[in-house]
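Undergrad: Whatever this is, show me its structure:
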Amino acid sequence: MACQSVAAVMDEQALLGLNPNADARYRQRAMAYFEQLKESQDAWEVCAEALAKGIYNDDHVKFFCFQVLEHQIRFRHAGLSAVQQLLIRETLMKWLQCQLMNAQPEKPFIRNKAAQVFALTFVMEYLSLWPKFFFDILSLVGLNPHGVDIYLRTLMAIDAEVVDRDILHLPDETRRNTLIKDGMREQCIPILVESWFQILQAYQQSHPELTCQCLEVVGAFVSWIDLNLIANDRFVNLLLSQMSVEELREEACDCLFEIINKGMDPVDKTKLVESLCRVLQSAGFFNVEQEEDVDFLAKFSRLVNGMGQSLVISWTKLAKSGNVKDAADTLQAVETKVPLLLQLLVHEDDDISANIVGFCYEYLHVLKQLPQLTDQQKTNVEAIMLAVMKKLTYDDEYNFENEGEDEAMFVEYRKQLKMLLDRLAQVSPELLLEAVRRVFTNTMQNWQTTQFMEVEVAVRLLYMLGEALPASHGAHFSGDTAKTSALQDMMRTLVSCGVSSYQHSSVSLEFFETVGRYDKFFLVEPQHIPTVLMAFLDNRGLRHNSPKVRSRVAYLFSRFIKTLHKHMNAFIEDILSRIQDLLELAPPDNGFLALLTSDDQLFMFEAAGVLIVNGESPVERKQALMRSLLLPLMDTFRLLLAKLAQETEEEGQAALADCLSHAVGFASRTSKAFSNKQTVKQCGCTEVYRDCLQTFLPALSCPVQRGALRSSVRSFLHRMIICMEEEVLPFIPSASEHMLKDCEAKDLQEFIPLISQITAKFKQQVSPFLQQVFMPLVLAIFEVLARPAEENDQAAALEKQMLRRSYFTFIQTVTGSGMNEVMANQGAENIERVVFTIIQGAVDFPDPIAQKTCFIILSKLVELWGGKDGMVGFPDFIYKHIVPACFLAPLKPTFDLSDAQTVLTLSECALTLKMIHLKRGPEFIQFLQQEYLPSLQVSPEISQEVCQVLQQPDVKVLKNYIKAFFQRAKL
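TA: Got it, this is the predicted structure:
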């Protein structure tokens with residue numbers, strides 16, 4: 001044996017470290033030893049000998065030896081000598097022989113690792129060195145249980161390496177795997193199938209675990225081998241007999257499912273499914289209600305689902321091909337499965353029911369395509385509807401207060417049932433509407449004496465109709481009279497029958513969700529608005545004892561108010577007084593548990609704003625109401641800001657800053673109520689928002705918790721620029737000054753959009769301010785970008801990249817807003833410094849988004865300053881820096897012309913060249929031909945081509961030419 005040249009002695013000290021309880025020193029030594037054995041040319045052979053001769057009894061050492069072998073085969077197989085490759089084969093076969101003689105099998109983790117190594121060896125050697133792999137193994141193991149176990153595990157490991165579609169393979173591996181499967185089909189699959197049959201027959205009584213393993217193998221392999229080898233009387237009858245053996249039937253079910261799933265001719269598939277169904281039915285498997293084993297029924301339901309879906313696929317293919325007779329037969333086969341489908345769909349175990357949903361959905365899809373439904377099909381549709389309605393119902397065990405995994409699974413299952421309901425609506429909207437109406441009306445008549453789950457599901461069904469019977473922009477109450485009158489009747493019943501008082505959170509939530517979904521009902525019947533408003537405002541809604549209900553109702557209330565604000569005039573002041581306590585800012589240290597979270601309060605402030613702004617009160621009244629809404633926020637803000645300055649504990653500071661941010665956020669949210677028709681000025685609210693600005697801006701100079709405070713005040717400024725127009729301008733200079741002090745990259749990145757917004761909105765009005773703030777802002781950006789960062793700090797690198805992009809976008813906004821003077825008045829040295837950063841951005845940073853912006857800026861600067869009456873010295877800058885940038889950037893190796901974003905950058909680069917030609921004319925052409933292009937070693941012919949294309953008017957031709965030019969240059 002080859003390993004005799006190596007001293008067959010392993011490092012015993014290192015092996016001690018393989019024990020999970022070993023101390024760190026030994027474990028480290030074991031790892032080092034593992035690396036040494038893996039990398040050595042032949043030291044691994046001691047592991048082969050240890051396995052072949054069974055030298056070690058310690059499981060961890062055996063596992064270790066297999067790991068070393070696995071590494072050699074997976075990563076170094078091609079470099080092994082023929083003798084070493086033979087050694088691996090002999091080692092495996094000797095180890096396998098030992099297993100046959102051992103009284104006890106190895107631990108499962110060792111058998112799995114051994115199977116992996118067998119499978120790897122097979123993958124590497126089957127096509128060339130070991131074509132008799134299976135013959136050798138089967139000859140050795142016969143029907144020895146220990147040997148059969150390794151054989152079956154190896155087959156599953158081969159499936160994982162060669163067939164499993166969930167594992168991504170490289171193209172070479174995919175080609176190799178295809179060759180292996182082709183070779184197996186030709187040479188050994190019939191032998192393997194025969195071995196499976198023998199194993200299934202021999203071991204179903206004595207070794208059920210081996211039979212289950214074998215069934216799993218058949219299920220895995222059936223997808224790519226000749227189905228006739230398995231789908232024959234002999235094999236299928238054996239599988240069906242195992243459906244009656246308790247320990248085997250779940251695996252037998254899975255195996256039959258894989259057989260049914262196999263792609264085949266539609267007529268043959270129908271015959272196969274039907275023959276299988278006949279046998280299953282005669283064996284009593286269709287009597288679902290008599291079966292108590294839910295785990296088996298879940299598998300059986302999956303099998304029936306597979307059979308049903310297979311029949312639907314066959315019907316679709318036959319109907320498309322015009323095969324009327326076979327299509328009719330297949331449809332009949334589908335129909336005969338519906339009673340079984342219904343038994344499984346309505347089963348009390350949700351897993352069993354969920355497994356049949358796919359077939360049910362596909363069956364309804366078939367019915368949708370038929371020109372007319374038979375009476376039986378209509379009966380089926382109604383039965384499915386009733387089953388879905390029943391299964392949508394919560395059970396007693398559902399924990400509403402502490403939803404865990406079971407509850408999450410039921411929510412997912414409900415989503416599947418909703419899909420069925422939507423599909424039912426497509427098949428027969430009238431039937432669905434009538435069925436829901438019947439259930440809803442009956443339940444609402446007796447809601448006081450009905451269990452919560454039935455009341456909830458009745459309201460839920462009404463809610464679900466909104467999506468099942470869609471209407472454009474929620475217009476459920478116009479158009480089709482049958483539908484609108486039914487929905488109107490149900491909504492009328494919902495809001496007037498008193499069910500909103502039902503004492504269960506699930507019913508309360510469903511009531512308000514449904515009111516929210518059908519809010520347009522109240523435009524048609526506004527007389528119900530006061531009733532529903534009271535439900536929103538009292539302990540049924542915003543003051544409900546469940547935080548979950550209160551939170552959701554806050555959002556739904558805000559939506560309700562926004563939709564119906566025109567009908568709210570009579571109730572505005574009443575509503576505002578009733579929600580006053582819900583609008584209070586809860587200070588962090590008062591120990592009082594607020595009814596609503598700060599996120600929920602945002603919706604309340606928005607609703608209050610909408611009520612005030614859209615009311616029909618005179619301007620003075622609106623002003624007074626808005627002031628009484630915002631004044632408490634301002635007063636609390638001042639108190640808390642003063643407190644923050646004195647707070648020394650970081651935790652206390654964070655809590656106060658959080659509270660201050662909420663105050664600003666609430667004020668900001670009220671401004672969402674304004675529109676073009678109802679502006680801040682028209683409502684007389686300018687002064688109160690000006691007061692807010694004066695109250696909030698001092699927070700910018702607070703020395704602690706700067707990030708949170710700046711962020712909230714900045715957001716408020718964004719809103720005020722939109723709402724207050726030029727009234728906000730006096731506040732901008734001092735706010736900017738504070739925000740530019742002690743900046744981080746993120747602060748600047750968030751500040752730049754504010755300045756850009758002001759620039760784009762007010763243009764010339766802010767020119768003096770922009771001229772003043774321009775260089776301080778630019779210098780602050782330069783300072784942050786110049787800060788050293790660790791080489792591997794990706795977060796810092798990304799922050800800098802985003803800041804660089806924001807900076808270039810800011811320069812683009814300034815140059816593109818017609819304010820030439822902002823940059824022009826910064827002094828020659830500063831201008832040059834800024835423009836150099838634009839050149840650098842265009843050429844040096846491999847970021848196509850930023851590069852594109854830089855070329856847009858350069859093009860604009862050439863347009864502004866590059867003409868005859870432009871900036872002194874700028875033409876010279878064009879030739880020295882801008883023209884080279886247009887050529888050097890695309891020539892960079894990082895400039896990827898196959899990337900769509902980069903191609904857009906190249907287009908802007910071409911437009912910059914076009915703009916230079918527009919401004920400098922023949923002088924530019926002469927410069928290119930005589931100086932610049934020759935310096936790049938461009939031939940005179942190509943130079944002439946470039947210049948000709950630049951001079952013709954079609955920009956598209958130029959863009960295409962420039963792309964081709966650089967593609968050639970990069971070859």
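
Undergrad: Return the distance of stretch 170-178 from the chain's centre.
TA: Distance of stretch 170-178 from its chain centroid, counting by CA atoms, centre = their mean, to the nearest Å, is 30 Å.

Undergrad: before we move on, what about stretch 702-713?
TA: How far stretch 702-713 lies from its chain's middle: 32 Å, per CA atoms, centre = their mean.

Undergrad: Can you give the contact residues for that stretch?
TA: 641, 644-645, 647, 653-654, 656-658, 660-661, 664-665, 668, 696-697, 699-700, 735, 739, 742, 744, 746-747, 750 (CB atoms under 8 Å, 6 or more residues apart in numbering). Every residue, glycine included, has its C-beta placed from N, CA and C.

Undergrad: pretty sure Arg153 contacts Arg111?
TA: Yes: in terms of CB atoms under 8 Å, Arg153 counts as a neighbour of Arg111; the distance is 5.7 Å.

Undergrad: quick one: which of these two has more around it?
TA: It is Arg153, of Arg153 and Arg111, that has more neighbours when counted by other CB atoms under 10 Å, with 21 against 17.

Undergrad: If we go by neighbour counts, what in the helix or strand where that one lies is buried?
TA: Assigned by DSSP states H and E, Arg153 falls within helix 145-158. Using 16 or more other CB atoms under 10 Å as the test for burial, helix 145-158 gives 145-158.

Undergrad: Could I get those residues in a markdown table, plus columns for pLDDT?
TA: Output for the buried residues of helix 145-158, formatted as a markdown table (pLDDT from 0 to 100):
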| residue | pLDDT |
| --- | --- |
| Pro145 | 94 |
| His146 | 95 |
| Gly147 | 95 |
| Val148 | 96 |
| Asp149 | 96 |
| Ile150 | 96 |
| Tyr151 | 97 |
| Leu152 | 97 |
| Arg153 | 97 |
| Thr154 | 97 |
| Leu155 | 97 |
| Met156 | 96 |
| Ala157 | 95 |
| Ile158 | 95 |
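
Undergrad: Tell me where the model's unsure across this protein.
TA: Filtered on pLDDT under 70, the chain yields the residue ranges 1-14, 16-17, 26, 474, 589-592.

Undergrad: how does it divide into domains?
TA: Here the domain parsing of the chain from the TED database is 263-396+406-450, 498-567, 596-673+683-694, 827-970.

Undergrad: now do the same end-to-end measure for the shortest one.
TA: Pointing back at domain 498-567 there. One end of domain 498-567 sits 22 Å from the other (CA to CA, to the nearest Å).

Undergrad: got it, and the third one?
TA: As for domain 596-673+683-694, its first-to-last residue distance stands at 28 Å under the measure CA to CA.

Undergrad: just to revisit the earlier point, so which of the contacts of stretch 702-713 are in helices?
TA: Of these, the ones assigned to helices by DSSP state H are 641, 644-645, 653-654, 656-658, 660-661, 664-665, 668, 696, 735, 739, 746-747, 750.

Undergrad: Which of the domains of the chain sits closest to Ala471?
TA: Ala471 sits nearest to domain 498-567 of all the domains of the chain, at 9.0 Å, using CB to CB.

Undergrad: tell me which element the spatially most central residue of the chain is part of?
TA: Of all residues in the chain, the one closest to the mean position by CA atoms, centre = their mean is Glu412, 16.3 Å from it. Assigned by DSSP H and E, Glu412 belongs to helix 405-427.

Undergrad: burial count for Gln812?
TA: When neighbours are defined as other CB under 10 Å, Gln812 has 18 of them.

Undergrad: From what I see, it and Phe855 are in contact.
TA: No: contact criterion CB under 8 Å: Gln812 and Phe855 do not qualify, at 10.2 Å.

Undergrad: Can you give the contact residues for the very next helix or strand once past the helix holding Glu412?
TA: Going down the chain from helix 405-427, the next helix or strand is helix 429-445, by DSSP H and E. Under the contact criterion CB under 8 Å, 6+ apart, helix 429-445 has outside partners 378, 381-382, 385-386, 389, 421, 424-425, 450, 454-455, 457-459, 461-462, 465, 468-469, 482-483, 486, 489-490, 493-494, 497, 499.

Undergrad: From Phe359, how far off is the residue nearest to the centre of the chain?
TA: Glu412 is 18 Å from Phe359, where distance means CB to CB, to the nearest Å.

Undergrad: Leaving out chain neighbours, which residue sits closest to Gly54?
TA: The shortest distance from Gly54 to any non-neighbouring residue, by CB to CB, 6 or more residues apart in numbering, is to Cys98 (5.3 Å).

Undergrad: Tally up the residues packed near the one you found, please.
TA: 15.

Undergrad: now swap in the one 4 residues further on and tell me
TA: Residues contacting Asn102 under the criterion other CB under 10 Å number 10.

Undergrad: Likewise for Glu467?
TA: Neighbour count of Glu467, defined by other CB under 10 Å: 13.

Undergrad: I figured it was touching Asp422, is that so?
TA: Yes: the pair Glu467 / Asp422 is scored as a contact, 6.5 Å apart, by CB under 8 Å.

Undergrad: what residues does stretch 126-139 touch?
TA: 85, 89, 93, 96, 118, 121-122, 125, 151, 154, 176, 179-180, 183-184, 187-188, 191-192, 195.

Undergrad: give me that answer again for 10 Å
TA: For stretch 126-139, the surrounding residues in contact (CB atoms under 10 Å, 6 or more residues apart in numbering) are 77, 82, 85-86, 88-89, 92-93, 96, 118, 121-122, 124-125, 147-148, 150-151, 154-155, 158, 162, 176, 179-180, 182-184, 187-189, 191-192, 194-195, 198.

Undergrad: Out of the residues you listed, list just those in helices.
TA: Those of those lying in helices (DSSP H): 82, 85-86, 88-89, 92-93, 96, 118, 121-122, 124-125, 147-148, 150-151, 154-155, 158, 176, 179-180, 182-184, 187, 189, 191-192, 194-195, 198.

Undergrad: In ChimeraX, how would I select just the buried ones from those?
TA: ChimeraX command restricting those to the buried ones, with burial defined by 16+ other CB under 10 Å:
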select :85,88,92,96,118,121,122,124,125,147,148,150,151,154,155,158,176,180,184,189,192,195
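
Undergrad: about what we covered before: make CSV from the domains of the chain and add distance to Lys763 to it.
TA: Below are the domains of the chain laid out as CSV (distance: least, CB to CB, whole Å):
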stretch, distance to Lys763
domain 263-396+406-450, 51
domain 498-567, 33
domain 596-673+683-694, 22
domain 827-970, 15
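
Undergrad: And these: which comes nearest Met775?
TA: Nearest to Met775, of all the domains of the chain, is domain 827-970, at 5.7 Å by CB to CB.

Undergrad: Between its first and last residues, how far does that closest one reach?
TA: 40 Å.

Undergrad: Tell me how far it lies from the chain's centre.
TA: Distance of domain 827-970 from the chain centroid (CA atoms, centre = their mean) equals 40 Å.

Undergrad: re earlier: quick check, the residue nearest to the centre of the chain in contact with Val357.
TA: No: contact criterion CB atoms under 10 Å: Glu412 and Val357 do not qualify, at 11.1 Å.

Undergrad: which helices and strands does the host helix or strand of Pro733 pack with?
TA: Following DSSP H and E, one finds Pro733 within helix 732-739. If contacts are counted by 3 or more CB pairs under 10 Å, 6 or more residues apart in numbering; DSSP states H and E, helix 732-739 sits against helix 706-724, helix 745-762, helix 767-786.
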